[in-house]
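Peer 1: starting from these lines, generate the structure:
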Amino acid sequence: QVQLVESGGGLVQAGGSLRLSCAASGRTFSSYRVGWFRQAPGKEREFVAAVNWGGGQTDYADSVKGRFTISGDTAKNTVYLQMNSLKPEDAAVYYCAAGTYTNYYYWGQGTQVTVSS
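Peer 2: Below you'll find the model as predicted:
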C-alpha cells in the first residue's frame, strides 16, 4: 500500500506560481508512474502531468505544457508539480496518483488550487 498526501495548494493571483507536493508513505514510489490530475467543479477529472519514477520520462497535458513542471525527489519520496503562469482555468482540486501508465492504484485526498483573475 502507498499512502499519498498532497500539499501546497492555495489562493494565487493569475500569473502567479504554486508548487504542489505529493509525499508517499508506506512504500516508496519505486517503479510507479506518478501523476497529477485535477478536477474543477462540474467538470470531469483530467490528466495534468506524470513522471515515470524509474526512468524519469515526463508527460504533460497540452494545456499546461511550458507552464507546469513535474519532478521527483527520491530521497524524500516526494513528487512536485511546479505551476507557473497560473490561469483562472487552472483552478481545481489537484490529486496525486501512483500506479501504471494505464491504471493508477493509489490516490491522495487532493489539494485545492484557486486562481483569482
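Peer 1: ok, the closest residue to Ser116 other than its chain neighbours - how many residues close by?
Peer 2: Nearest residue to Ser116, sequence neighbours excluded (CB to CB, 6 or more residues apart in numbering): Gln13, at 5.3 Å. Every residue, glycine included, has its C-beta placed from N, CA and C. If you count neighbours by other CB atoms under 10 Å, Gln13 ends up with 10.
Peer 1: so how far is Tyr94 from Gln13?
Peer 2: Distance, Gln13 to Tyr94, using CB to CB, to the nearest Å: 18 Å.
Peer 1: given the helix or strand where Tyr106 lies, what are its sheet partners and their directions?
Peer 2: Counting by DSSP states H and E, the element that carries Tyr106 is strand 104-107. The strands beside strand 104-107 in its sheet (DSSP bridges) come out as strand 92-99 (antiparallel).
Peer 1: render the CA-only coordinates of the strand it pairs with in CSV, please.
Peer 2: Taking C-alpha atoms only, strand 92-99 is exported to CSV below (Å, rounded to 0.1, in the frame of the first residue of the first chain):
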residue,chain,number,x,y,z
ALA,A,92,-9.3,22.9,-9.4
VAL,A,93,-8.7,20.3,-6.8
TYR,A,94,-5.4,18.7,-7.7
TYR,A,95,-4.8,15.0,-7.0
CYS,A,96,-1.7,12.9,-6.9
ALA,A,97,-1.8,9.3,-8.0
ALA,A,98,0.6,6.4,-8.4
GLY,A,99,0.3,3.3,-10.5
